[in-house]
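Engineer: take this sequence and fold it.
(2 chains)
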There are 2 protein chains.
Amino acid sequence: MITVNIIGSGNVSQHLISVFQKTESIVLQQVFSRKKENINHLVSDDKITTLYSDIKPADITIISVTDDAIAEVSEQLPFENQLVVHTSGSAGLDTLSAKNRRGVFYPLQTFSKTKSVDFKVVPICLETENDPDFAILENLAKAISDKVFKINSGQRQSLHVAAVFSCNFVNHLYQLGKEICDENQVPFEILMPLILETADKIKMLSPLEAQTGPAKRNDQKTIEKHLSFLEDENKKTIYELLTQSIQKYNG
Amino acid sequence: MITVNIIGSGNVSQHLISVFQKTESIVLQQVFSRKKENINHLVSDDKITTLYSDIKPADITIISVTDDAIAEVSEQLPFENQLVVHTSGSAGLDTLSAKNRRGVFYPLQTFSKTKSVDFKVVPICLETENDPDFAILENLAKAISDKVFKINSGQRQSLHVAAVFSCNFVNHLYQLGKEICDENQVPFEILMPLILETADKIKMLSPLEAQTGPAKRNDQKTIEKHLSFLEDENKKTIYELLTQSIQKYNG
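Structural biologist: Take a look at the predicted model:
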């Protein structure tokens, strides 16, 4: 059995509270929240505390708060030399107070409060300051997910940048595509099957192999047609830059 | 019963040959191919012709060849005043010879020869020169797909540009994300669940509502961290431009 404390009551905390309580090999010992009402629908009252001084040591204490608050919260913990981890994608291991044994437990998925998550397929990226702690953290991660990775702070930083390109920027391109449709009275939903297929395809092919379109084909006639079609300067600049970038890789 | 001819033997033709032969209300009358061997595994020999002069009129003749060849092929057809359509996303209706009644039958999906396609969910965009022909073309489209749209040439052009943004450029961002992972010895597959969720999310939310990440949050500290992390000038420029574009929409 692994005993776990959770500090914080945001999205990630709430999903962790749910999955830990559903998992036989895990005992959710205590949850710290400044606002009891955020989580008292998820966990019994006797496990919730609003005072740092009440928190007892556990095998693993998970701090899941905003990046800026990690340092201070970890300093407030009333014990030393315990395994304490944060759940952030971009904060370093050393953001945590050095009075405890430090680690990172980073589940890489977008969490929203209203949508349930199948943790089995959520990648969890782990890092520990001390080697022996890795096995402890890995036990916890493997109890809830089939996709557990050992990722150091530098790798986690690169993963975060890669996610900005492959997810945040991608969503913005959906937005630009939708605008073009809206402006021309074309339902954006016509593109949905193609959008889903584009994401699905790279499970089988590398993105380089999967690339299609006028830039890849070097179809200058179509590229010029599209550029003269686009009136908005912002979209034109993005079209040109990404076309050039594709051509660099396929030239 | 609707009788159909297909001119051409590329990816789209081959998928149409398969689905038409599986559909009760459709009779595949003839297939024209300069290379018989491209399609004789799909359709019986007596239906294949390599001579334009052999092609008999049908309810609908579908020309599925490269954009540059549409004009000439449509000129070669040995009949007049029949319904003749092309399958291109970017060629205008007037690319077809005016000697026949013109139309467009544009299935919006990436087709590869090796992967089977569920036509029921493939959006098909239709356009006809003459109103009475629309019903004929719509009958054919609805026999194979549940997603049939009336889209004129201008709208189809905008759809094509939108697809470049939301699919071709998106795939390139996957590629850049993968490079960042590769350079830092992080498996790109860690990002797959997030990539699939990003595509899936916009079925329920508009891309503007679904936007997340440092640019959306105006998290300047993280943006600067990421820019100094990126060494490649091309990636840096793309990061800056897309960050600014997101901030324009959320500012």
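Engineer: stretch A:225-234 near chain B at all?
Structural biologist: Yes. Stretch A:225-234 reaches chain B (Cβ under 8 Å from any Cβ of the partner chain) through A:Lys225, A:His226, A:Phe229, A:Leu230, A:Asn234. C-beta here means a position set from N, CA and C on the backbone, and glycine is covered the same way.
Engineer: what is the nearest of the residues you listed to B:Lys216?
Structural biologist: A:Asn234 (16.3 Å; Cβ to Cβ).
Engineer: returning to what we had before: by neighbour count, which of the residues of stretch A:225-234 next to chain B wins?
Structural biologist: A:His226 (23 neighbours; other Cβ atoms under 10 Å in any protein chain shown).
Engineer: residue contacts, it?
Structural biologist: By Cβ atoms under 8 Å, 6 or more residues apart in numbering or on different chains, A:His226 lies in contact with A:Pro214, A:Tyr239, B:His160, B:Val161, B:Val164.
Engineer: kindly recompute the last result at 6 Å.
Structural biologist: The contact partners of A:His226, by Cβ atoms under 6 Å, 6 or more residues apart in numbering or on different chains, come to B:Val161.
Engineer: A:Ile26 now?
Structural biologist: A:Ile2, A:Phe20, A:Ala143 are the contacts of A:Ile26 under Cβ under 6 Å, 6+ apart.
Engineer: which stretches of chain A have low pLDDT?
Structural biologist: Scanning chain A for pLDDT under 70 picks out the ranges A:111-115, A:251.
Engineer: how much does the longest helix along it deviate in direction from helix B:233-250?
Structural biologist: Taking DSSP state H as the assignment, the helix of chain A that covers the most residues is helix A:233-250. Counting by axes from the mean of the first three to the mean of the last three Cα atoms, to 10 degrees, helix A:233-250 lies at 150 degrees to helix B:233-250.
Engineer: and the gap between the residue positioned nearest the centre of chain A and chain B?
Structural biologist: Central residue of chain A (Cα atoms, centre = their mean): A:Leu108, 3.3 Å from the mean position. Computed as Cβ to the nearest Cβ, to the nearest Å, the A:Leu108 to chain B distance reads 6 Å.
Engineer: do you know how far that residue is from B:Cys167?
Structural biologist: According to Cβ to Cβ, to the nearest Å, A:Leu108 and B:Cys167 sit 24 Å apart.
Engineer: the strands in the stretch 1-150 of chain A, which residues?
Structural biologist: Using DSSP state E, counting those that start in this stretch, the strands of the stretch 1-150 of chain A run over residues A:2-7, A:26-32, A:48-49, A:60-63, A:83-86, A:101-107, A:124-128, A:148-150.
Engineer: now the helices: where do they sit in the stretch 51-200 of chain A?
Structural biologist: A:70-76, A:131-144, A:153-163, A:170-183, A:192-201 (DSSP state H, counting those that start in this stretch).
Engineer: in the first one, which residues are buried?
Structural biologist: So the one you mean is helix A:70-76. A:Ile70, A:Val73, A:Ser74 (16 or more other Cβ atoms under 10 Å in any protein chain shown).
Engineer: quick revisit: leaving out chain neighbours, which residue sits closest to the residue nearest to the centre of chain A?
Structural biologist: A:Pro123 (4.7 Å; Cβ to Cβ, 6 or more residues apart in numbering or on different chains).
Engineer: my guess is the one you found contacts A:Asp146, does it?
Structural biologist: No. The criterion here is Cβ atoms under 6 Å, and A:Pro123 misses it with A:Asp146 at 9.4 Å.
Engineer: so the two - more neighbours on which side?
Structural biologist: Between A:Pro123 and A:Asp146, counted using other Cβ under 10 Å, A:Pro123 has the larger neighbour count: 23 against 12.
Engineer: so what touches stretch A:235-248?
Structural biologist: By Cβ under 6 Å, 6+ apart, stretch A:235-248 touches A:Leu176, A:Ala215, A:Lys216, A:Leu230, B:Phe169, B:His172, B:Asn234, B:Leu241.
Engineer: can you redo these as a markdown table with distance to B:Leu96?
Structural biologist: Listed next are those as a markdown table, based on distance: Cβ to Cβ, whole Å:
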| residue | distance to B:Leu96 |
| --- | --- |
| A:Leu176 | 31 |
| A:Ala215 | 27 |
| A:Lys216 | 27 |
| A:Leu230 | 26 |
| B:Phe169 | 30 |
| B:His172 | 33 |
| B:Asn234 | 41 |
| B:Leu241 | 39 |
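Engineer: tell me how far the residue lying farthest from the centre of chain A lies from chain B.
Structural biologist: The C-alpha centroid of chain A is most remote from A:Lys221, which lies 40.2 Å away (Cα atoms, centre = their mean). According to Cβ to the nearest Cβ, A:Lys221 and chain B sit 9 Å apart.
Engineer: dihedrals phi and psi, that residue?
Structural biologist: Backbone torsions of A:Lys221, given as degrees, to the nearest 10, read phi -60, psi -50.
Engineer: any idea how far B:Asn11 is from it?
Structural biologist: Counting by Cβ to Cβ - A:Lys221 and B:Asn11 are separated by 21 Å.
Engineer: repeat for A:Leu227
Structural biologist: The value you get for A:Leu227 to B:Asn11, if Cβ to Cβ is used, is 27 Å.
Engineer: now A:Val117: closest residue in space that isn't a chain neighbour?
Structural biologist: Spatially, and ignoring its direct neighbours in sequence, A:Val117 is nearest to A:His15 (5.5 Å; Cβ to Cβ, 6+ apart).
Engineer: typed the wrong thing, it's A:Gln155
Structural biologist: Using Cβ to Cβ, 6+ apart, the nearest residue to A:Gln155 is B:Val186, at 4.7 Å.
Engineer: so how many other residues sit close to that neighbour?
Structural biologist: By other Cβ under 10 Å, the burial measure for B:Val186, its neighbour count, is 23.
Engineer: repeat for A:Leu126
Structural biologist: Neighbours of A:Leu126 (other Cβ under 10 Å): 22.
Engineer: same question for A:Lys142.
Structural biologist: 14.
Engineer: what's the answer for A:Asn100, then?
Structural biologist: There are 20 residues near A:Asn100, going by other Cβ under 10 Å.
Engineer: mind listing what it touches?
Structural biologist: Contacts of A:Asn100 (Cβ under 6 Å, 6+ apart): A:Gln82, A:Val84.
Engineer: alpha carbons of stretch A:34-51, as CSV, please.
Structural biologist: Provided in CSV are the C-alpha atoms of stretch A:34-51 (Å, rounded to 0.1, in the frame of the first residue of the first chain):
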residue,chain,number,x,y,z
ARG,A,34,-7.5,26.4,1.6
LYS,A,35,-11.1,26.1,0.4
LYS,A,36,-12.8,23.0,1.8
GLU,A,37,-15.8,23.5,-0.5
ASN,A,38,-13.7,22.8,-3.6
ILE,A,39,-13.2,19.2,-2.7
ASN,A,40,-15.7,18.1,0.0
HIS,A,41,-17.8,16.5,-2.7
LEU,A,42,-14.9,14.2,-3.6
VAL,A,43,-13.4,13.2,-0.3
SER,A,44,-14.6,12.6,3.2
ASP,A,45,-14.4,15.5,5.7
ASP,A,46,-11.9,13.8,8.0
LYS,A,47,-9.3,13.7,5.3
ILE,A,48,-9.5,17.4,4.5
THR,A,49,-7.4,19.9,6.3
THR,A,50,-7.0,23.6,5.9
LEU,A,51,-3.9,23.9,8.2
